[in-house]
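Peer 1: Fold the following, please.
(one chain, ligands or ions: 1)
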Amino acid sequence: MTLHAPYDPSNIFAKILRGEIPAVKVWEDDQVLAFMDAFPQGEGHVLVISKVSTARNLLEVEPDTLATLAAAAQRTASAVVKALSPDGFSIMQFNGEAGGQTVFHLHFHIIPRWSDRPLKGHGSGGMADMDELKVTAAKIRAAL
Ligand code: 5GP
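Peer 2: Reported below is the predicted structural model:
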């Protein structure tokens, strides 16, 4: 999928936003949704998306929405660190198929990192156990 294409409202995150497929939510407000990645690269992998923008990537996003998403990513990362005590964390954001993007609704990955745990592959980590994701999401939510 190229960097330059129309927004496809049938992408997975649009379906999650419309409630058509389930997601393990961490927190949300009227602008953003933070939810657990279903194929996590490690424990506590959270995705942050806009509820109002149809930007597919960083080039398309409105500056106000980008500011809102950055603040949401910071808030989420802070709660992830408080809840899970990692040694560090990575914020990732991919643009275009060649850039590693697989879902074409702009999103930020927040991935806690531990010195002794290798990161699983992007999109190749296997599907998480939903009950385990719910437990982790509740811990992160309690630390917001
Ligand atoms: P991208 O490759 O576009 O940067 O990231 C898309 C992310 O969405 C991947 O990390 C992938 O694991 C995650 N993902 C794919 N399908 C689903 C899904 O149905 N539910 C959730 N919660 N995450 C998904």
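Peer 1: those strands in the protein, which residues are they?
Peer 2: In the chain, the strands defined using DSSP state E lie at 25-28, 32-36, 46-50, 88-92, 107-113.
Peer 1: most packed of those strands?
Peer 2: strand 46-50 (a mean of 25; mean count of other C-beta atoms under 10 Å). In short, each C-beta sits where N, CA and C put it, glycine included.
Peer 1: which helices and strands sit right next to it?
Peer 2: On a contact count with 3 or more C-beta pairs under 8 Å, 6 or more residues apart in numbering; DSSP states H and E, strand 46-50 meets helix 12-17, strand 32-36, helix 63-84, strand 107-113.
Peer 1: hmm, who's touching that strand?
Peer 2: By C-beta atoms under 8 Å, 6 or more residues apart in numbering, the surrounding residues in contact with strand 46-50 are 13, 17, 26, 31-37, 61, 65, 68-69, 72-73, 76, 80, 105-110, 140.
Peer 1: So which of these reach the ligand?
Peer 2: Among these, the residues within reach of the ligand (C-beta under 6 Å from any ligand atom) are 35-37.
Peer 1: Make CSV out of the helices and strands packed on strand 46-50 and add mean pLDDT.
Peer 2: Shown next, in CSV, are the helices and strands packed on strand 46-50 (pLDDT from 0 to 100):
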stretch, mean pLDDT
helix 12-17, 98
strand 32-36, 98
helix 63-84, 98
strand 107-113, 98
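Peer 1: Lovely, talk soon.
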